[in-house]
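> have a look; sequence and predicted model below, questions after that.
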Amino acid sequence: MTKIEEIIRLKKERDAVILAHYYASSEVQDIADYVGDSFYLSKIAAKLECRTIVFAGVRFMGECAKLLNPDKTVLMPDARADCFMAHMIDNNFIKCTREKYEDLAVVCYVNSTTETKSYSDVCVTSANAVNIVKNIPNKNILFIPDKNLGRYVASQVPDKQFIFNDGFCPIHEHMRYDQIEKLKKIHPDALILVHPECNEDIVKAADYVGSTSGIINYTATSKHKEFIIATEIGVKYKLEQEKADKNFYFTETVPKCLNMKLNTFDAVLTVLRTGENSVEVPTELVEPAKKTLLKMLELA
Ligand code: SF4
């Protein structure tokens with residue numbers, strides 16, 4: 001029996017569905033039942049009817065799937081896969097800010113721990129953050145933990161006052177404007193498509209700012225043939241699958257999230273065999289964190 005055949009057999013045996021983020025490796029995207037960004041995958045996770053979810057992403061994604069499906073088993077291909085940004089907010093900061101501001105909404109990016117979600121009012125992803133923040137009535141917004149996404153949202157919703165903390169995604173933050181500028185000189189006709197987790201200089205240079213799904217949709221419908229892409233390299237696989245006749249340029253210093261890349265084909269096979277790396281969420285956090293997540297699904 002080949003490894004693929006074994007995965008298919010084990011999926012049936014465990015009644016399992018495999019979800020993979022665009023930043024997971026291409027071999028994992030190939031065996032996944034659903035591939036997408038955090039927003040798409042959380043919507044799928046909320047609707048699944050299987051017994052087991054294998055989540056080829058990072059910990060906060062597995063925890064979201066568990067919060068939305070408390071009766072299901074959620075398995076992570078590699079228990080070490082975690083998001084650095086999710087740990088860049090001190091929950092005391094949230095408490096202090098609540099005391100300081102009236103009419104405040106705490107808006108947390110989905111890339112946050114379950115504990116942070118439990119202290120927040122509503123969750124967002126890069127695909128829906130602007131719409132959700134526009135739709136909440138509060139004047140003051142504490143946007144955590146990504147200052148870059150927060151600053152981008154603030155630029156789109158000028159009538160509200162924003163408070164940020166100093167969190168960021170190291171992969172996006174460390175892409176530099178001069179790398180993008182260099183690519184633009186070599187490929188002057190290329191459009192610059194940027195994820196809002198990138199730093200301000202890059203976002204300002206963009207022809208389009210959006211989530212990974214937004215970037216993929218943009219290239220699929222655009223008449224342009226060349227694109228400079230500022231996001232994690234895993235998305236290249238999907239871009240090229242969708243549009244083989246177009247060219248996509250990434251920076252020389254390849255933006256790679258090593259945590260996402262822990263989701264290998266063999267790791268998926270192993271968890272399906274063993275049932276290890278099951279995600280658990282502390283009982284007392286389940287209700288408050290789930291409420292924050294459901295609020296996102298309601299408002300988006
Ligand atoms: S790419 Fe950045 S935000 Fe996404 S999982 Fe990796 S560290 Fe977290």
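Good, I have the coordinates.
> kindly report the residues of the stretch 151-300 of the chain close to the ligand.
Cys169, Pro170, Ile171, Glu232, Cys257, Asn259, Met260 (C-beta under 6 Å from any ligand atom). Every residue, glycine included, has its C-beta placed from N, CA and C.
> switch those residues over to JSON lines; also include pLDDT and distance to Ala56.
Listed next are these as JSON lines, based on pLDDT from 0 to 100; distance: C-beta to C-beta, whole Å:
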{"residue": "Cys169", "pLDDT": "97", "distance to Ala56": "18"}
{"residue": "Pro170", "pLDDT": "96", "distance to Ala56": "20"}
{"residue": "Ile171", "pLDDT": "96", "distance to Ala56": "17"}
{"residue": "Glu232", "pLDDT": "96", "distance to Ala56": "14"}
{"residue": "Cys257", "pLDDT": "97", "distance to Ala56": "12"}
{"residue": "Asn259", "pLDDT": "97", "distance to Ala56": "11"}
{"residue": "Met260", "pLDDT": "97", "distance to Ala56": "8"}
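> out of those residues, which one sits closest to Val203?
Cys169 (13.1 Å; C-beta to C-beta).
> gap between the closest one and Glu5?
Separation of Cys169 from Glu5 (C-beta to C-beta, to the nearest Å): 37 Å.
> the more surrounded of the two?
Neighbour tally, Cys169 and Glu5, criterion other C-beta atoms under 10 Å: the higher count belongs to Cys169, 26 against 9.
> wait, the more buried one touches Glu197, no?
Yes - between Cys169 and Glu197 a contact is recorded at 4.5 Å, counting by C-beta atoms under 8 Å.
> overlap in contacts of these two?
Asp146, Asn148 (C-beta atoms under 8 Å, 6 or more residues apart in numbering).
> dump the residues of the stretch 151-300 of the chain next to the ligand to TSV, plus secondary structure and distance to Ile192.
Putting those into TSV (DSSP: H, G, I helix; E, B strand; the rest coil; distance: C-beta to C-beta, whole Å) gives the following:
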residue	secondary structure	distance to Ile192
Cys169	coil	18
Pro170	helix	21
Ile171	helix	18
Glu232	coil	16
Cys257	coil	21
Asn259	coil	26
Met260	helix	23
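> in the residues you listed, find the pair that's most separated.
Between any two of these, the greatest separation by C-beta to C-beta is 12.4 Å, found for Pro170 and Met260.
> identify the residue spatially nearest to Pro102, adjacent ones excluded.
That one is not Pro; residue 102 is Glu. Spatial nearest neighbour of Glu102, excluding adjacent residues (C-beta to C-beta, 6 or more residues apart in numbering): Asn140 at 7.5 Å.
> so that neighbour bridges to which residues?
Taking DSSP bridges as the rule, Asn140 bridges to Leu104, Gln161.
> quick one: buried ones out of the residues of the stretch 151-300 of the chain next to the ligand?
Among those, the ones that count as buried by 16 or more other C-beta atoms under 10 Å are Cys169, Ile171, Glu232, Cys257, Asn259, Met260.
> give the contact list for the second one.
Looking back up the chat, that one is Ile171. Counted by C-beta under 8 Å, 6+ apart, Ile171 has contacts Glu197, Glu232, Pro255, Lys256, Cys257.
> which residues are in contact with the longest helix belonging to the chain?
If you go by DSSP state H, the chain has its longest helix at helix 283-299. Applying C-beta under 8 Å, 6+ apart, the external contacts of helix 283-299 come out as 42-43, 46, 63-64, 67-68, 70, 108, 110, 114-115, 117-125, 128, 131-132, 135-136, 281.
> tell me how far the closest residue to the ligand within the stretch 101-250 of the chain lies from Thr221.
Nearest residue of the stretch 101-250 of the chain to the ligand, counting by C-beta to the nearest ligand atom: Cys169, 3.2 Å away. Between Cys169 and Thr221 the computed distance is 26 Å (C-beta to C-beta).
> cool, Asn69 as well?
Separation of Asn69 from Thr221 (C-beta to C-beta): 33 Å.
> one more: Pro170?
Using C-beta to C-beta, one gets 31 Å for the distance from Pro170 to Thr221.
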